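Novice: with the input below, show me the fold.
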Amino acid sequence: MSRVCQLTGKKANNAYAVSHSHRRTKKLQHVNLQTKRIWWPQGNRWVTLHLSTKAIKTLDKKGLQAMAKEAGINLNKH
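Specialist: So this is what the prediction gives:
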């Protein structure tokens, strides 16, 4: 599975690691992904998603149904 948040679409960012002597080497800044089981009241079941921590905080505010609709995800398949 690729390291992408299923609700927000966040993924790794290309960056430079800069040493003290200012040598630059390429690195990836990965998303803080968590596998989360969330209760989906409309479907009356648990749904397992790979979410970024930012998406988990937003999920508490908006709700699963609203965020899935924005992302265009069918929760019946997860």
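Novice: CA only for contacts and neighbour counts going forward, please
Specialist: Fine.
Novice: give the buried residues for the longest helix along the chain.
Specialist: In the chain, assigned by DSSP state H, the helix with the most residues is helix 53-62. By neighbour count on 16 or more other Cα atoms under 10 Å, the buried set for helix 53-62 is A55, I56, L59.
Novice: hmm, who's touching it?
Specialist: Contacts with helix 53-62, where a contact means Cα atoms under 8 Å, 6 or more residues apart in numbering, come from C5, L7, T8, N32, L33, Q34, M67.
Novice: next, format those as JSON lines and append neighbour count and secondary structure.
Specialist: Output for those, formatted as JSON lines (neighbours: other Cα atoms under 10 Å; DSSP: H, G, I helix; E, B strand; the rest coil):
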{"residue": "C5", "neighbour count": "21", "secondary structure": "coil"}
{"residue": "L7", "neighbour count": "21", "secondary structure": "coil"}
{"residue": "T8", "neighbour count": "16", "secondary structure": "coil"}
{"residue": "N32", "neighbour count": "16", "secondary structure": "coil"}
{"residue": "L33", "neighbour count": "20", "secondary structure": "strand"}
{"residue": "Q34", "neighbour count": "14", "secondary structure": "strand"}
{"residue": "M67", "neighbour count": "17", "secondary structure": "helix"}
